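Trainee: How does the following fold in three dimensions:
(one chain, ligands or ions: 1)
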Amino acid sequence: MAVRRILANRQRRRSRGSWPIQESAARRPEGWPGWPDGKKFAFVLTHDVEGVRGLDRCRKLAEMDKALGFRSCFNFVPEGEYRLPDTLHTYLQQEGFEVGVHDLHHDGSLYRSFRSFKEQAPKINQHLQSWGAVGFRAGFMFHNLEWIKNLNILYDASTFDTDPFEPQPDGVETIFPFWVQGNGSKGYVELPYTLPQDSTLFLVFKERTIDVWTKKLDWVAAHGGMALVNVHPDYINFGGKGASSEFSAELYESFLKHVSSRYRDVCWFALPREVAQYTAQIKPVLRP
Ligand SMILES: [Zn+2]
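Mentor: As a prediction, the model looks like this:
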């Protein structure tokens with residue numbers, strides 16, 4: 001982590017003009033009509049559950065979201081270091097949360113080659129079906145918009161508008177959802193995350209405030225885009241001492257409070273699948 005921090009700080013200085021805000025990412029996909037009910041922008045919460053530590057904190061995190069009037073999507077690794085308990089799956093569904101698939105093993109093997117992807121795709125499709133999930137996000141935010149066509153999904157959420165700190169750092173340079181056409185009538189919606197990840201801000205850069213989030217949120221709102229957040233239960237400390245690989249739940253909680261008090265009336269608070277359903281009807285495309 002220490003080495004990663006030094007490299008990331010160097011990268012941060014180099015990326016000053018393109019992170020966290022890349023002005024060119026305000027571009028709208030072709031045919032974008034705006035948000036439902038005249039809302040100004042959209043706010044979407046996602047949680048990738050990396051390991052056992054995260055799994056154990058899902059309920060606490062869901063309860064925090066719920067208490068502040070939010071619903072979110074929990075993305076679980078189907079064949080990683082834990083198994084998703086039926087009780088948790090049922091609880092999330094009953095409370096109005098969404099469940100998505102996060103990679104298959106989360107060991108970096110999915111995108112190692114096209115062959116590897118093709119081998120794992122049928123298993124991912126099985127898990128999507130058995131969980132009643134329609135969304136996917138790859139481990140380490142690896143992405144290939146062609147290969148993803150092998151998944152039976154409504155949406156993928158493995159890309160970002162700008163994030164030079166990811167191992168595959170090419171952003172899609174838009175803060176809007178867009179349609180990726182497959183073969184025939186098939187295709188899927190791509191939902192880039194557009195706010196920096198919690199791990200980047202609070203673990204790598206050791207930020208002590210939520211200023212980067214609120215600034216980016218304001219910018220996304222001003223341009224009518226989609227503020228899509230990814231926060232990992234694995235890294236949230238709900239009390240007690242907390243490891244160095246954790247940040248205080250109070251930071252996250254204060255961000256949610258900020259969003260709801262500032263934007264309550266003008267924002268569409270939606271699950272990723274709702275944004276994807278809306279986008280799939282319109283099929284706005286992103287021109288290079
Ligand atoms: Zn992950």
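Trainee: Once you drop chain neighbours, what's closest to F74?
Mentor: Distances taken as Cβ to Cβ, 6 or more residues apart in numbering place H47 nearest to F74, at 4.9 Å, with adjacent residues excluded. C-beta coordinates here come from the backbone N, C-alpha and C atoms, glycine included.
Trainee: what pLDDT, on average, does the host helix or strand of the one you found get?
Mentor: Element membership for H47 (DSSP states H and E) is strand 41-49. Taken as a whole, strand 41-49 has a mean pLDDT of 98.
Trainee: Against which helices or strands is that strand packed?
Mentor: Judged by 3 or more Cβ pairs under 8 Å, 6 or more residues apart in numbering; DSSP states H and E, the packing partners of strand 41-49 are helix 58-67, strand 73-76, strand 98-102, strand 226-230, helix 249-263, strand 267-269, helix 272-282.
Trainee: Mind putting these into JSON lines with mean pLDDT?
Mentor: Converted to JSON lines, the helices and strands packed on strand 41-49 look like this (pLDDT from 0 to 100):
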{"stretch": "helix 58-67", "mean pLDDT": "98"}
{"stretch": "strand 73-76", "mean pLDDT": "98"}
{"stretch": "strand 98-102", "mean pLDDT": "98"}
{"stretch": "strand 226-230", "mean pLDDT": "98"}
{"stretch": "helix 249-263", "mean pLDDT": "97"}
{"stretch": "strand 267-269", "mean pLDDT": "98"}
{"stretch": "helix 272-282", "mean pLDDT": "98"}
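Trainee: and the ion, which of these is closest to it?
Mentor: Of all these, it is strand 98-102 that lies closest to the ion, at 5.7 Å by Cβ to the ion.
Trainee: relative to strand 98-102, how tilted is the next helix or strand after the closest one?
Mentor: Downstream of strand 98-102, the first helix or strand assigned by DSSP H and E is helix 114-131. Angle between the axes of helix 114-131 and strand 98-102 is 160 degrees (criterion: axes from the mean of the first three to the mean of the last three Cα atoms, to 10 degrees).
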